[in-house]
Each structure stands twice: as C-alpha cells, then as structure tokens.
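Undergrad: no sequence for this one, just the structure:
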C-alpha cells in the first residue's frame, strides 16, 4: 500500500546497515507511526507484501482503469469530480518524493509512477481534452478543497509528523489529505443524485481498496507488530466517508436498480 511503501523507504537505509550481520536485530521502537512492538522476528522486514496489501493495490489500480474506461467509452465526465483527482495528485506528489532519492523495488516504483501519471492524465482529459472536457461542469464540481482541505491537512501534517523533516511532514500531510479527498466526488454525486453505473463502480472500487488496506494493517499488526497511528486514523476517517454511499450502492445492487442517492438534508 501507499503507507507501506513509505515505511519501507524510511527504513531501507537503516536495514541495509543492520542486516549485514544476521544476528543483529533492529533496535526496538515503542512509538511513532511506523513503530513495532518487538525488536526481533518479523520487525526485521517491515512492509513485506501480503495478500491484503496486494489486493488493495490492485483495486486502487482498477479504480483508475475503470475511470479511464468510462471517460474513453462515454466521451463524458459527467458525475466525475476533477477536483477529487486534483486532491489525489497533490497527495501522490507529497507522498512519493522518495522517487527522486530512494529505490525500493521495481513494483514499488512502477506503482508510484502509474498512480502519479494516470491521475494527471485524468485531470488533463477532464480539463483540456475534447470531447471529454466539453462535458466538465466546473460549476457543479465546486467543492473548495483549497479552503477546507489543504490548510487543515498541512497543519495536521506539521503537528503530527514523527519528525520535523520535509519528507516526513509532506508524507503525514498526504495521509490526512487522502482521508478526505473523496469529499468533492461524494458531494458532486449528492447534487446529481442519479449515479451512472460506471461511476458507481468507480467510487465503490475506491472504497474497496481502502477496506483492503485496513485488512493489511490488521494483518501486519498481528503478524509483525506493526503500528501506524496516523495511517490508521486517516483510514478510519476515509472509510467512514464511504459508509453512506456504500449503503445505497448495496441497496441498488440488491434490488437491481439504478443507484439514486437521497436528497441532502
């Protein structure tokens, strides 16, 4: 997951020097976002791939592909929030600064590049590329994330960062911003009420990838003793925002009807 990739990169330099001796365990860490309960065993290899993390990565990638397919197929971006994509572009740019100075693995680098490039491509399609851009309604997609999301995420990133370094503050801010980046999309759908099938599948897949990242955190806690308070809190907030949407999405699937959201009260 994105959180796991950051943890790997932060520790990779330390691990290289300490694992030269097989009998030299990592020093115990009792606090911090990437803390481990023990000083031996699985904590020597933090962030190893597991089925939950892999499924989360693939669902995240699938959500992007679904959106690209929708835009290419329908030639329309009605019901899709470009402002949500802008939030995610900021998230990825803040979080993946280590692309310039740290190599973890081919998979790690490839996924980061795909997430960044595809997000900017989606923004380009909706903003500038006809005929898709001709259907973009900036008036409807008007949630002011610059006012309500960026500032609080920056403040929380600064005060809750484990250490006051630029990469650490940017990473922490990206976690808080990602937790609420779905808001422009949910608010836009609430205004439209009737949700196209592909749009509903896209948003549902976005929520599903976060669910599997939570399963990844639970697995790593019991298997590796891994603790990531900032990521956990951000994940809980993000998942909570999806609850209402998922309820109506599940009902529409159960009754075989088109997804129609209730009027906002």
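TA: Nice, I can see it. Only a predicted model underlies this, so the values are computations on that prediction, with no experimental measurement involved. Residues are numbered from 1 along each chain as shown.
Undergrad: for stretch 139-146, what is the average pLDDT?
TA: Computed over stretch 139-146, the mean pLDDT rounds to 95.
Undergrad: quick one: it to chain centroid distance?
TA: 20 Å (CA atoms, centre = their mean, to the nearest Å).
Undergrad: Also stretch 123-140?
TA: 23 Å.
Undergrad: measure that stretch end to end?
TA: Its first and final residues considered, stretch 123-140 spans 16 Å by CA to CA, to the nearest Å.
Undergrad: Could you list the residues in contact with that stretch?
TA: Stretch 123-140 is contacted from outside by 71, 75-78, 80, 82, 85-86, 89, 188, 191-192, using CB atoms under 8 Å, 6 or more residues apart in numbering. For glycine as for every other residue, the C-beta is placed from the backbone atoms N, C-alpha and C.
Undergrad: Which one (most neighbours) among the residues you listed?
TA: Sorting the contacts of stretch 123-140 by how many neighbours each has (other CB atoms under 10 Å) puts residue 80 first, at 28 neighbours.
Undergrad: State the pLDDT value of it.
TA: 96.
Undergrad: again with residue 45
TA: Reported pLDDT for residue 45: 39.
Undergrad: Then residue 210?
TA: pLDDT, residue 210: 88.
Undergrad: Tell me the helix or strand right after the helix or strand harbouring it.
TA: Element membership for residue 210 (DSSP states H and E) is helix 197-224. Using DSSP H and E, the helix or strand that follows helix 197-224 towards the C-terminus is strand 226-227.
Undergrad: Could you list the buried residues of the helix holding residue 210?
TA: Residues of helix 197-224 classed as buried: 198-214, 216-217, 220, 224 (neighbour count, 16 or more other CB atoms under 10 Å).
Undergrad: Would you confirm that residue 210 contacts residue 52?
TA: No: look at residue 210 against residue 52 with CB atoms under 8 Å: they stay out of range, at 11.6 Å.
Undergrad: out of everything not next to it in sequence, what's closest to the residue nearest the centre of the chain?
TA: Geometric centre of the chain, nearest residue: residue 178, 5.6 Å, by CA atoms, centre = their mean. Sequence neighbours aside, residue 91 is the residue nearest to residue 178 in space, at 4.7 Å (criterion: CB to CB, 6 or more residues apart in numbering).
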